[in-house]
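got a structure for you, letters missing:
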């Protein structure tokens with residue numbers, strides 16, 4: 001039984017090794033050490049022949065176009081207010097002022113999605129970061145919860 005297993009394993013390894021062979025023509029030899037400038041590198045890149053399905057190019061263009069439309073990146077915020085009452089706008093502004101007076105180092109965003117006004121706080125890349133603020137404000141805002149949102153780009157220091 002062991003010999004049979006070794007024989008099958010050997011055949012598999014031989015097939016795997018044979019499938020990984022790469023052949024080069026004499027004209028295709030490129031010495032990486034000789035690339036010294038970016039223009040040399042770009043000349044080499046421009047000579048590479050890439051054959052791909054046209055649908056892949058369209059998908060990539062679509063992805064780039066949609067990312068340019070977004071005004072931020074995927075992230076999380078803590079929602080502290082949500083209402084569709086008649087005075088929801090005024091109440092949202094009051095809650096924003098109240099929050100900023102207590103926690104001035106966090107961004108506050110008022111969103112209107114007909115007919116609801118929402119007050120969301122922070123721009124967090126991970127849910128863990130949002131959870132820290134949530135725990136800190138839980139006493140003052142017991143109805144708060146973490147929501148996924150498109151957040152502003154982080155400031156570079």
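Sure, I can see it. Keep in mind the model is a prediction, meaning the values are calculated, not measured.

list the buried ones in the longest strand along the chain?
Using DSSP state E, we find that the single longest strand of the chain is strand 73-83. For strand 73-83, the buried set under the neighbour-count rule, 16 or more other CB atoms under 10 Å, comprises 75, 76, 77, 78, 79, 80, 81, 82, 83. Just so you know, the C-beta spots here come from the backbone N, C-alpha and C atoms, and that holds for glycine as well.

could you point out which element follows it?
helix 88-102 (DSSP states H and E).

Please pull up the helix or strand immediately following that next one.
strand 108-113.

Which neighbouring elements make contact with that next one?
helix 88-102, strand 116-124 (3 or more CB pairs under 8 Å, 6 or more residues apart in numbering; DSSP states H and E).

and it, which strands flank it?
strand 116-124 (antiparallel) (DSSP bridges).

pLDDT below threshold where in this structure?
For the chain, the stretches flagged by pLDDT under 70 are 11-12, 14-39, 41, 156-157.

for the most centrally placed residue in the chain, what are its contacts?
The centroid of the chain falls nearest to residue 74 when counting by CA atoms, centre = their mean (5.9 Å). By CB atoms under 8 Å, 6 or more residues apart in numbering, the residues touching residue 74 are 148, 150, 151.

Which residue is the nearest non-sequential neighbour of the last one?
The spatially closest residue to residue 151, leaving aside those adjacent along the chain, is residue 75, at 3.5 Å (CB to CB, 6 or more residues apart in numbering).

Dig out what that neighbour forms beta bridges with.
Applying DSSP bridges, one finds that residue 75 bridges with residue 149.

ok, so what distance separates it from residue 154?
Plainly put, residue 75 is 9 Å away from residue 154 if you go by CB to CB, to the nearest Å.

got it, and residue 4?
Counting by CB to CB, the gap from residue 4 to residue 154 is 59 Å.

Those two: which has the busier surroundings?
residue 154 (12 against 8; other CB atoms under 10 Å).

ok, residue 115 - how many residues close by?
For residue 115, using other CB under 10 Å, the count is 10.

cool, and residue 131?
14.

what's the strand or helix carrying it in contact with?
Counting by DSSP H and E, the element that carries residue 131 is helix 127-137. By CB under 8 Å, 6+ apart, the residues outside helix 127-137 that reach it are 76-78, 80, 99, 103, 106, 121-122, 124, 144-146.
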